[in-house]
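Chemist: no sequence on this one, just coordinates:
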Ligand code: SAM
């Protein structure tokens, strides 16, 4: 029995599994992390195509079934646990993430996975279509937001293909899509204080319909300092967060930052999204 609260919409279409594995461009010796292996339809293909598969599954009954099916495969490691709180330092890097994610926790999972930085070579993820669109969204679109900036700051993002609900049992109520993310060697833009950058991005989007100074003020930024920083960064104060490029968020952050902007691209590691 599938457990809907755990986002258990199992893939039943082997053609989609092949397409996911092809999108991941798996090489024989590579390590793959799979979040939510479920009944193992994707796991089996990953085991065939890679060096090691580390799979994290929350559901104890499914873990029992996975151990029975794949326990004898030498390149299979199963972790029974919660992928949202899992310590990813345990996975030997570099690794790929290939997964049909449980949709109810896809956003916190994405932030955790993006936080792994260059420990992850690439990510090929099935997501609800709306989240996939947010990841790839450009400034000016309705979908553009914190998730878009966070993903594109660190990764190249490509919408690979859509997947109809009929490819799952039970069928999800939302559309699905596969997204490929490739972490960049360095963040897309150099910014002096990465923690402040994400505070600015979150604060700017906290009240999407308001102009930037008002949204930032409501999130605790000093109004006079914000006005001066917007001017310094060449950003008109009437603009709203959804119109700003990642470069403009970085310029605004550096203008708000008490210290001089750094130009070497070496950013702090303690990112707080
Ligand atoms: N990979 C399988 C497939 O494609 O058929 C199952 C995908 S299903 C969408 C999501 C899976 O994630 C389920 O097996 C569910 O039990 C598991 N899951 C849900 N929440 C989880 C969590 N917090 N950590 C790890 N696995 C989780």
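Modeler: Received it, and whenever you're ready, just let me know what you need. Everything numeric here is computed off the predicted structure, so don't read it as measured data.
Chemist: which residues of the chain fall in strands?
Modeler: Applying DSSP state E to the chain gives strands spanning 10-11, 31-35, 52-57, 76-80, 95-100, 120-128, 155-163, 168-169, 176-183.
Chemist: So what's the residue count around the closest residue to residue 215 other than its chain neighbours?
Modeler: Among residues not flanking residue 215 along the chain, residue 207 sits closest, at 4.1 Å (C-beta to C-beta, 6 or more residues apart in numbering). From N, CA and C alone the C-beta is placed, and that goes for glycine too. For residue 207, the neighbour count with other C-beta atoms under 10 Å is 17.
Chemist: swap in residue 208?
Modeler: Around residue 208 there are 13 residues (other C-beta under 10 Å).
Chemist: Ok, residue 24 next?
Modeler: Neighbours around residue 24, by other C-beta under 10 Å: 25.
Chemist: Need the pLDDT of it.
Modeler: On pLDDT, residue 24 comes in at 97.
Chemist: Use 10 as the first number for this chain going forward.
Modeler: Shifting the count to begin at 10 puts that one at residue 33.
Chemist: Could you double-check that it sits in contact with residue 133?
Modeler: Yes - using C-beta atoms under 8 Å, residue 33 is in contact with residue 133, at 4.3 Å.
Chemist: Need the residues touching each of those two.
Modeler: Residues touching both residue 33 and residue 133 by C-beta atoms under 8 Å, 6 or more residues apart in numbering: 105, 107, 189.
Chemist: Identify, from those residues, the entry nearest to residue 20.
Modeler: residue 107 (12.2 Å; C-beta to C-beta).
Chemist: So what does the residue nearest to residue 224 have for phi and psi?
Modeler: phi -130, psi 80 (degrees, to the nearest 10).
Chemist: coming back round to it: among the strands of the chain, which is nearest residue 226?
Modeler: Among the strands of the chain, strand 164-172 sits nearest to residue 226 (C-beta to C-beta), with 30.9 Å.
Chemist: In that closest one, which residues are buried?
Modeler: Neighbour-count burial for strand 164-172 flags 164, 166, 169, 172 (criterion: 16 or more other C-beta atoms under 10 Å).
Chemist: for the first one, what are its contacts?
Modeler: Going back to what we said before, that points to residue 164. Contacts of residue 164 by C-beta under 8 Å, 6+ apart are 123, 132, 190, 191, 192, 193.
Chemist: List the beta-bridge partners for it.
Modeler: Beta bridges link residue 164 to residue 192 when assigned by DSSP bridges.
Chemist: Please report the distance of it from residue 116.
Modeler: 15 Å (C-beta to C-beta, to the nearest Å).
Chemist: One more: residue 74?
Modeler: 28 Å.
Chemist: Check the burial of the closest residue to the ligand within the stretch 160-282 of the chain by counting its neighbours.
Modeler: Relative to the ligand, the nearest point of the stretch 160-282 of the chain is residue 177 (7.3 Å; C-beta to the nearest ligand atom). Counted with other C-beta under 10 Å, the neighbours of residue 177 add up to 20.
Chemist: Report the beta-bridge partner residues of it.
Modeler: Under the criterion used (DSSP bridges), residue 177 bridges to residue 20.
Chemist: my guess is it contacts residue 17, does it?
Modeler: No - using C-beta under 8 Å, residue 177 makes no contact with residue 17, being 9.5 Å away.
Chemist: quick one: contacts for residue 147?
Modeler: 153, 157.
Chemist: confidence score at it?
Modeler: Residue 147 is given a pLDDT of 97.
Chemist: Look up how far the ligand lies from it.
Modeler: To the ligand, residue 147 is 28 Å away according to C-beta to the nearest ligand atom, to the nearest Å.
Chemist: number of nearby residues for residue 248?
Modeler: Residue 248: 15 neighbours (other C-beta under 10 Å).
Chemist: list the contacts for it?
Modeler: Neighbour list for residue 248: 220, 221 [criterion: C-beta under 8 Å, 6+ apart].
Chemist: hmm, 6 Å instead?
Modeler: residue 221 (C-beta atoms under 6 Å, 6 or more residues apart in numbering).
Chemist: Okay, it and residue 84: tell me how far apart.
Modeler: For residue 248, the distance to residue 84 - C-beta to C-beta - is 51 Å.
Chemist: got it, and residue 231?
Modeler: 55 Å.
Chemist: still on that earlier bit, is the residue of the stretch 160-282 of the chain closest to the ligand in contact with residue 18, as I believe?
Modeler: Yes - contact between residue 177 and residue 18 holds when scored by C-beta atoms under 6 Å: they sit 4.2 Å apart.
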